[in-house]
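just coords:
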């Protein structure tokens, strides 16, 4: 199964009973491993986590820290938002591991938009500010 098909198939695991905003992510590491993620909501909204971070945290928890690309897909049955970029928190988490990681955003109409973390978050907070 290619990454786009996996991205769409994975969407069924989204737990989004409050917003009904389903998001799927597929992360590809530089070693070629693939990790999936979906958004997981919670009645206490602060307990919610985005699909991108689920995939990244799964990878990191298994020792992977070098990422090549991440695919994102948001189900948009109303056609209002053909492409949805990652939120600010997810952009910051991505920047922790690779400013050059490719971010591939897929819309319901199969429109694809590509970017990099650096383009999406040109002024990230990083460890140079912790010295």
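Yep, it's here. None of the values given here were measured: they were computed from a predicted structure. Numbering: from 1, shown residues only.

quick one, helices of the protein?
Using DSSP state H, the helices of the chain run over 3-10, 51-61, 88-97, 117-120.

Next, format those helices as TSV and append mean pLDDT.
Compiled in TSV, the helices of the chain are given as follows (pLDDT from 0 to 100):
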stretch	mean pLDDT
helix 3-10	95
helix 51-61	98
helix 88-97	97
helix 117-120	98
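
Pick the most buried one from those.
Of the helices of the chain, the one with the most neighbours on average (mean count of other CB atoms under 10 Å) is helix 51-61, at a mean of 21. Every C-beta, even on glycine, is put in place using the N, C-alpha and C of the backbone.

Need the nearest residue in space to the spatially most central residue of the chain, chain neighbours excluded.
What sits nearest the mean C-alpha location of the chain, by CA atoms, centre = their mean, is residue 52, with 2.6 Å. Take residue 52 and drop its neighbours on the chain: the residue closest to it by CB to CB, 6 or more residues apart in numbering is residue 90, 4.1 Å away.

I'd assumed residue 49 was in contact with that neighbour.
No: if you go by CB atoms under 8 Å, residue 90 and residue 49 don't touch, sitting 9.5 Å apart.

how close does the residue nearest to residue 52 sit to residue 120?
Distance, residue 90 to residue 120, by CB to CB, to the nearest Å: 9 Å.

For the nearest residue to residue 55 once chain neighbours are set aside, the count of nearby residues, please.
The shortest distance from residue 55 to any non-neighbouring residue, by CB to CB, 6+ apart, is to residue 37 (3.2 Å). If you count neighbours by other CB atoms under 10 Å, residue 37 ends up with 26.

Could you do the one 5 residues further on as well?
With neighbours defined by other CB under 10 Å, the count for residue 42 comes to 12.

Same question for residue 22.
20.

List the residues that contact it.
Applying CB atoms under 8 Å, 6 or more residues apart in numbering to residue 22 gives the contacts 11, 14, 16, 38-39, 74-75.

could the residues you listed go into JSON lines alongside pLDDT?
JSON lines is the format used below for the contacts of residue 22 (pLDDT from 0 to 100):
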{"residue": "11", "pLDDT": "96"}
{"residue": "14", "pLDDT": "98"}
{"residue": "16", "pLDDT": "96"}
{"residue": "38", "pLDDT": "98"}
{"residue": "39", "pLDDT": "98"}
{"residue": "74", "pLDDT": "92"}
{"residue": "75", "pLDDT": "84"}
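
Appreciated, that's everything.
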